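Novice: What follows is a predicted protein model with its sequence.
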Amino acid sequence: MLFKKKEKPLVAHTVEKCPSCKKETKRKFKEGDMVLAQSSECAACKVPTRISKIFGEPIE
Ligand SMILES: [Zn+2]
């Protein structure tokens, strides 16, 4: 998913939050990501993380 704003193209990122240790992990957005959806497993707690935020960042 790409956003365009002025001259700078933005690339979507997804923030996953672990409900157990509250650790937030940022990764590239992938198709099907939705806020509050379950995502990948927390490496430390072995529980599914939830998507807390989806945002756009300028491409470097
Ligand atoms: Zn965790």
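Specialist: Nice, I can see it. Predicted model only: the values in this text are computed from it and were never measured.
Novice: what's across from the most centrally placed residue in the chain in the sheet?
Specialist: Nearest residue to the geometric centre of the chain (CA atoms, centre = their mean): T14, 1.3 Å. Applying DSSP bridges to T14 yields these beta-bridge partners: R27, I54.
Novice: I'd say it and K26 touch.
Specialist: Yes - between T14 and K26 there is a contact at 7.4 Å, judged by CB atoms under 8 Å. No exception for glycine: its C-beta is placed from N, CA and C like everyone else's.
Novice: So which bits of this structure are right by the ion?
Specialist: Counting by CB under 5 Å from the ion, the chain comes close to the ion at C18, S20, C21, C42, A44, C45.
Novice: Tell me the buried residues within the residues you listed.
Specialist: Listed as buried from the residues of the chain next to the ion are C18, C42; burial here means 16 or more other CB atoms under 10 Å.
Novice: mind listing which of the residues of the chain next to the ion are in helices?
Specialist: Counting by DSSP state H, the residues of the chain next to the ion place none of their members in helices.
Novice: can you list the residues of the chain next to the ion in TSV and add pLDDT?
Specialist: Shown next, in TSV, are the residues of the chain next to the ion (pLDDT from 0 to 100):
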residue	pLDDT
C18	98
S20	98
C21	98
C42	96
A44	96
C45	98
